[in-house]
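**Q** Predicted model and sequence below, questions to follow.
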Amino acid sequence: MRSRVLRLGAAVVLCALAGCRTAPVFYPAAPPWEVRRPQLQARQHFDLSGRVAVATAHDGFNANLHWEQQGHALAADARRPARNRRRADQRIGR
């Protein structure tokens, strides 16, 4: 009998814990573009890394992108992953 009560209690506790959830995070609304634009233009350093994808009616590709801007100096690099480069080379007969 005691074993049965313990099992039932454990099941109830597990069900209660399974129903727990982290509260959602709410971010404040972004200011209007008229306010945000001058703030962004005043930045002296900007750095971006990510991926970009391009698709046309007949072809497409993706690439890794890195963009770094310091004042008026700019360094940008877009490289295609090796597996995509091989597929593209096969399509154009290289």
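**A** Thanks, I have it.
**Q** what separates Glu44 from Ala73, distance-wise?
**A** Glu isn't right for residue 44; it's Gln. Gln44 sits 10 Å away from Ala73, going by C-beta to C-beta, to the nearest Å. Placement of C-beta: from N, CA and C, glycine included.
**Q** Output the lowest mean pLDDT helix or strand found in this protein.
**A** helix 82-91 (a mean of 55; mean pLDDT, DSSP states H and E).
**Q** which residues in the protein form helices?
**A** Applying DSSP state H to the chain gives helices spanning 2-18, 33-41, 82-91.
**Q** Mean pLDDT lowest where, among those helices?
**A** Ranked by mean pLDDT, these bottom out at helix 82-91, with a mean of 55.
**Q** There's contact between His45 and Ala73 in this structure, I believe.
**A** No - under the criterion of C-beta atoms under 8 Å, His45 is not in contact with Ala73, lying 10.0 Å apart.
**Q** intersection of neighbour lists for these two?
**A** Common neighbours of His45 and Ala73, using C-beta atoms under 8 Å, 6 or more residues apart in numbering, do not exist here.
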